[in-house]
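[1] What follows is a predicted structure for the sequence shown.
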Amino acid sequence: MSWIDLLRMSASNLKRRKLRTFLTVLGVVIGTASIVVMVSLGLGLQKSVYDEMEQSGGLTTINVTGSGSVGDGMMHSSNSDNSDKSDEASKYIDDNCVKKFGELEHVKAAAPIYETSAICLKGKYEGYISLYASTPEGLRMRDIKLADGGTFPKSGTGKLELVYGNNVLTNFSERGNNSSGYWETGELPDIDLMKDSMFMILDQDAYYNSQSSGGFQVDAGTDGKGTSNVPQSAKKHIVTASGVVAGGVDDYNVNSYYVFCDLDTLKQIMKKEFKGRVIPGQPSTKSGKAYKEFYYSSAQVKVDDMSNVNDVAKQIREMGYNVETNVEYMDSMKKQMAVIQAVLGGIGAISLIVAAIGIANTMMMSIYERTKEIGVIKVLGCSLKNIKQMFLIEAAFIGLLGGIVGNMVSFAMSGAINMVTAQSSALGVEGNISYIPVWLVLISLGFAMLVGMVAGYFPALRAMRLSPLAAIRSE
């Protein structure tokens with residue numbers, strides 16, 4: 001018997017028992033859809049982690065921090081004076097450290113990073129922002145995707161230009177009314193980040209003190225001579241935008257809530273404004289004096305190849321600095337993702353196992369109903385191998401049809417999940433939380449067919465072993 005004849009007979013047998021075939025296929029559909037959707041959730045989470053990793057520099061980037069934190073919440077160091085710093089203070093990251101990092105073997109580039117906070121004012125609105133300052137090269141290493149018409153801040157102009165994150169406006173509210181922000185009202189402030197200029201305040205202590213005292217400084221420090229060393233009112237710097245991070249207010253990415261600027265320009269402005277005082281976030285001596293050097297929150301080191309990342313990281317650690325690499329993070333995440341996918345896939349596989357039992361039951365019932373038919377085709381000379389193949393093809397048909405429909409259902413469910421989670425920004429995950437690649441579709445189809453054939457194997461063996469004479473005589 002040819003393969004065409006076997007296929008025709010198998011299809012005909014399934015058509016004759018439409019309801020039973022439909023119910024059996026439905027079980028495969030549910031099982032396939034369950035396992036595909038469950039695995040897609042794990043893949044979506046993994047993809048979002050990898051995408052975020054690329055935005056933070058990729059697998060060849062090393063993030064370096066010193067032994068003491070620099071930036072918001074900076075604590076005073078235990079050094080007694082400005083000229084005789086201890087070894088602990090030398091582990092802060094300055095220009096000399098960044099230069100040394102850049103001279104290491106296999107290092108393509110090293111860029112300093114300074115993170116601080118500021119206040120932006122526009123009309124009746126006030127917003128708290130997180131400033132991320134770096135060199136032009138450092139900002140490019142960040143892999144920031146800008147909206148149309150945007151450019152990165154220029155260096156050496158003396159004018160502070162900003163790149164706003166696409167979610168920065170959600171941090172604005174009407175001054176004196178904290179309940180008027182986006183998260184309370186659902187409405188964004190009437191500000192065009194790209195076109196409108198703003199006032200930016202770096203000296204937040206002076207700003208809040210002036211607000212509480214009606215413009216008069218009430219809690220200023222002194223320089224030891226009885227005179228205030230903090231201005232009575234905070235200086236307002238006029239800033240404009242050079243770009244905005246691509247995406248809407250509901251699109252989250254690793255850059256969404258940052259405001260980026262040129263590091264050299266910010267340093268010049270801060271040194272001028274805080275002349276004779278400690279710049280907020282910078283370390284100071286035990287007596288409260290400022291150091292001559294400007295220290296950075298961290299440094300980003302770009303390595304020429306992923307295979308050299310661990311060696312470079314080891315050298316920097318030996319220099320006394322703290323190191324985090326995306327390679328180490330990825331290895332850790334791979335292990336976690338493998339466990340998550342195994343659990344989710346296992347949950348979905350249970351449904352497919354139930355479907356396999358349904359296929360086996362259907363095939364066994366088919367054999368009992370077609371006992372005489374099996375005896376006749378055996379007497380007519382059909383080989384045992386062909387009989388076995390016929391039942392296996394029927395089982396494979398059920399698995400294939402269930403797999404195809406199951407994948408269609410999976411895409412519909414995945415789209416619905418992504419639509420719902422996009423509305424609520426579930427888990428803070430960028431992009432789709434459910435991701436179905438082509439290879440998952442192909443594997444699920446093959447797996448559904450395999451499950452069908454395995455479930456139909458023992459019924460096919462029973463059909464093959466039936467005695468022709470006994471089968472013909474059966475009622």
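    Alright, I've got the coordinates.

[2] List the buried residues for stretch 111-126?
    111-122, 125-126 (16 or more other Cβ atoms under 10 Å). Backbone N, C-alpha and C define where each C-beta goes, glycine included.

[3] can you check stretch 340-354 too?
    340, 341, 344, 348, 349, 351, 352.

[4] same thing with stretch 32-52?
    32-50, 52.

[5] Could you give the average pLDDT over it?
    Averaged across stretch 32-52, pLDDT comes to 81.

[6] How about stretch 163-170?
    94.

[7] List the contacts of stretch 299-313.
    57, 59-65, 93, 97-98, 101-102, 104-113, 134, 138, 141-142, 316, 323, 325, 327-328 (Cβ atoms under 8 Å, 6 or more residues apart in numbering).

[8] how about residue 28, what does it touch?
    By Cβ under 8 Å, 6+ apart, the neighbours of residue 28 are 352, 355, 358-359, 398-399, 401-403, 406, 448, 451-452.

[9] Can I have the buried ones of the contacts of stretch 299-313 as a PyMOL selection?
    With 16+ other Cβ under 10 Å as the criterion, this PyMOL line picks the buried residues out of those:
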select buried, resi 57+59+60+61+62+63+64+65+93+97+98+101+104+106+107+109+110+111+112+113+134+138+141+142+316+323+325+327
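
[10] mind listing what the closest residue to residue 111 other than its chain neighbours touches?
    Excluding the flanking residues, the one nearest residue 111 by Cβ to Cβ, 6 or more residues apart in numbering is residue 138, at 2.9 Å. Applying Cβ under 8 Å, 6+ apart to residue 138 gives the contacts 111, 112, 113, 263, 300.

[11] Can I get those in TSV including pLDDT, distance to residue 335 and secondary structure?
    Shown next, in TSV, are those (pLDDT from 0 to 100; distance: Cβ to Cβ, whole Å; DSSP: H, G, I helix; E, B strand; the rest coil):
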residue	pLDDT	distance to residue 335	secondary structure
111	93	30	strand
112	94	33	strand
113	94	29	strand
263	95	36	helix
300	91	25	strand
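
[12] looking at this, residue 299 is in a strand?
    Yes: counting by DSSP: H, G, I helix; E, B strand; the rest coil, residue 299 is located in a strand.

[13] Quick one, grab the pLDDT at it.
    pLDDT, residue 299: 93.

[14] Check residue 177 too.
    For residue 177, the pLDDT comes out at 75.

[15] how about low-confidence regions in the stretch 201-350 of the chain?
    By pLDDT under 70, the weakly predicted segments of the stretch 201-350 of the chain are 212-232.

[16] just the helices in the chain please.
    Per DSSP state H, the chain carries helices over the ranges 3-16, 18-55, 95-103, 136-141, 182-185, 204-212, 263-273, 309-318, 326-369, 371-379, 384-424, 438-465, 468-473.
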